[in-house]
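In: Provide a 3D model corresponding to the input given below.
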Amino acid sequence: MRHVLILQSLSRGNLVLDSLTGYLRVDLDRMAGTPVNVVEVVVGPTGFVGAQEDQLVDYIRSMFNDGREPDLILTAGAPATVFARKHRRQLFPDRPLVSCIDQRFVTGVPLDNNESAVAAAGDFSLIIEDILQLLPETKQVFMVVGAGPIGKFWLHNLQNDFKRFQDRLTFVWGDDLSLAQTVRRCANLPRGSAIFYFSFGSDAAGAAYADERVLAELHAHANAPVFAAHTAMLGHGIVGGRMMNVESLAARIAGVAVRILNGAPPASVRLPPQVPGQPIFDWRELKRWNIPESRLPAGSVVLFRGPSLWSEYRWTIVGGVAALIIQSLLIAGLIYQRRARLRAEMDSRRNLSLAADVSRRQTISALANSMTHDLGQPLNSMTFNAQALQMMLASDRPSMSAIAEIVSDIQAQGARATEIMNRHRAMLRSRALEEKAIDIRNVIHESLALVAHDMKAKQIETSVDLSSGPCVISGDEVLLQQVLVNLFMNSIDAMVGTPPERRRMTVRSEMIETGVEASVRDTGSGLPADIIDGLFTPFVTTKSHGLGIGLTIARSIVDAHGGTINGRNNPEGGATFTVTLPCSVTSKTA
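Out: The predicted structure follows:
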């Protein structure tokens, strides 16, 4: 295992050097391919406070008292580099030395053959330029540098670097303030101010503070944006800018160290100084200080962006949009189906209306034959009576009683003819539902009278079995006659192929628990199996001359009366149609 001694300039708390040595440890293991044992000692002014330098040398040598010396010495920062060079002969004079130091300390200091350096050429004036580009209204920059020796050193150097901005900016230095005073000043800066945080270390009161704490205090209380020169401070409340990339610097140091550990002469490993990298900014601070991204330098990288609605709820949005699309398609489909259904219903009603008109014409034809037959007898009787009356009036001595009898007979036959005509006219007339209390037995008798001629002509025997008591319902007598006439006519047509001696139609009525039941039973051919389930569907028929709407109309009339209608085949042949209607209040109380 290889051993590397890192001499650190500052104790824990300096974000730049802490990040540098942290990255360096990881990069050494990664680039070397095997674990590297790293021993770290703080030799700067915040290390062993009060200890003499020769005591530090003895302490470091004691760490390797087993006779095994480190394979390489690394220094982090100027104080550690100065210490290593000063005491190198006392420590490990034959071991290669790699220094990480600011370019300012390298200039004019020659490196021996067993020494290499990775320099950082920081140009802190670039941060001032970034401040002016992002905040053109800036008039004052408050400098946070601490009050320790390192702060004093950088104060002098930075004042020289910033001279070119003196006509445009006023620089206020906080090297003579305590931390509390620094925070108060930053909380009450005048309009058009910015804060440049370089480092802190210790304040004017002699107290040492970690960078993280100082930055947290400034972020919580400062009324102006904070900028810094090293990427190690990004994410601690600074805006950003063209900073020195500490992670990249650590990788360069580790690369030089591994090359030397693998046998390369230190004098052959010379790298140009590292300069600030591409501009990097904290998105959260840009938003906090209302700095538009359009002001950022070209090629800037923006970190810590808040999650967008799409990135945070991508699948929710996708699912919602998909559901919306599916829902829209379903709604469109339902609307299309609804319109298609409405068109179909309109077409069906129109066709049904036409078919009903044709059916009514057929019914008129059938009833006309019946009416001709029914009117024949009273008209003939009236004709004969009129002839007899004429003959009696022409005689010498007419009998007044006989004349009165003939006139009375003519009146009776006229009344009968009028009744027959009113019955057929009411049957044929279009009308709305008019409910009133009616006895279903009377409706059956009237309906049978309308088809009596056809039944006699086709040699059909009728059997009527009506309940002895009233069967009162609330309904329209004429419309219910239309239902029964339709059922009677269907039965008559169904028995055309039945031998005359077996042609029988049985009509019954009876009171049941739920109302009144009227049935029509025939001995015809019965109902075909393929249409028995669709008997009341429009345009379903077994007749060659039928339209298939009679039963549909009958069902609509029965439905309007709150009843039911059904048809079934009889075991011995033929079919039975049953109409069930609810009783009226009068019938129930009776």
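In: quick one, strands of the stretch 101-250 of the chain?
Out: Ranges of strands within the stretch 101-250 of the chain are 115-120, 140-144, 170-173, 193-197, 226-228, 240-241, based on DSSP state E, counting those that start in this stretch.
In: mean neighbour count, the ones you listed: which tops it?
Out: Most buried of the strands of the stretch 101-250 of the chain, by mean neighbour count (mean count of other CB atoms under 10 Å): strand 240-241, with a mean of 28. Every C-beta, even on glycine, is put in place using the N, C-alpha and C of the backbone.
In: return the distance of that strand from the chain's centre.
Out: 41 Å (CA atoms, centre = their mean, to the nearest Å).
In: just to revisit the earlier point, quick one: the strands of the stretch 101-250 of the chain as a markdown table, columns for mean pLDDT too.
Out: Output for the strands of the stretch 101-250 of the chain, formatted as a markdown table (pLDDT from 0 to 100):
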| stretch | mean pLDDT |
| --- | --- |
| strand 115-120 | 91 |
| strand 140-144 | 95 |
| strand 170-173 | 94 |
| strand 193-197 | 96 |
| strand 226-228 | 96 |
| strand 240-241 | 94 |
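In: would TSV of those strands with distance to Arg68 be doable?
Out: Converted to TSV, the strands of the stretch 101-250 of the chain look like this (distance: least, CB to CB, whole Å):
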stretch	distance to Arg68
strand 115-120	22
strand 140-144	44
strand 170-173	48
strand 193-197	42
strand 226-228	41
strand 240-241	45
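In: which one, of these, ends up nearest to Gln337?
Out: Taking CB to CB, strand 240-241 is the member of the strands of the stretch 101-250 of the chain nearest to Gln337, at 60.3 Å.
In: the closest one pairs with which strands?
Out: Strand 240-241 sits in its sheet next to strand 280-282 (antiparallel), going by DSSP bridges.
In: quick one: buried residues of the strand it pairs with?
Out: Ile280, Phe281, Asp282 (16 or more other CB atoms under 10 Å).
In: domain boundaries for this protein, per the record?
Out: With domains defined by automatic domain parsing, the chain comprises 2-120, 130-242+276-306, 316-430, 431-590.
In: list the contacts for Ile291?
Out: By CB atoms under 8 Å, 6 or more residues apart in numbering, Ile291 lies in contact with Leu134, Leu135, Pro225, Val239, Glu285.
In: now these in a markdown table, please, with extra columns for distance to Val82, pLDDT and neighbour count.
Out: Converted to a markdown table, the contacts of Ile291 look like this (distance: CB to CB, whole Å; pLDDT from 0 to 100; neighbours: other CB atoms under 10 Å):
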| residue | distance to Val82 | pLDDT | neighbour count |
| --- | --- | --- | --- |
| Leu134 | 37 | 96 | 24 |
| Leu135 | 38 | 96 | 19 |
| Pro225 | 35 | 97 | 23 |
| Val239 | 33 | 96 | 24 |
| Glu285 | 36 | 96 | 20 |
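In: which one of those residues is nearest to Thr316?
Out: Using CB to CB, these come closest to Thr316 at Glu285, 29.2 Å.
In: export the one helix or strand that closest one maps to as CSV, just CAs?
Out: Secondary-structure element containing Glu285, defined by DSSP states H and E: helix 283-288. Included here for helix 283-288 are C-alpha records, laid out as CSV according to Å, rounded to 0.1, in the frame of the first residue of the first chain:
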residue,chain,number,x,y,z
TRP,A,283,-30.9,28.8,-9.9
ARG,A,284,-32.4,29.3,-6.5
GLU,A,285,-30.4,32.5,-5.8
LEU,A,286,-31.1,33.9,-9.2
LYS,A,287,-34.8,33.5,-8.5
ARG,A,288,-34.4,35.0,-5.0
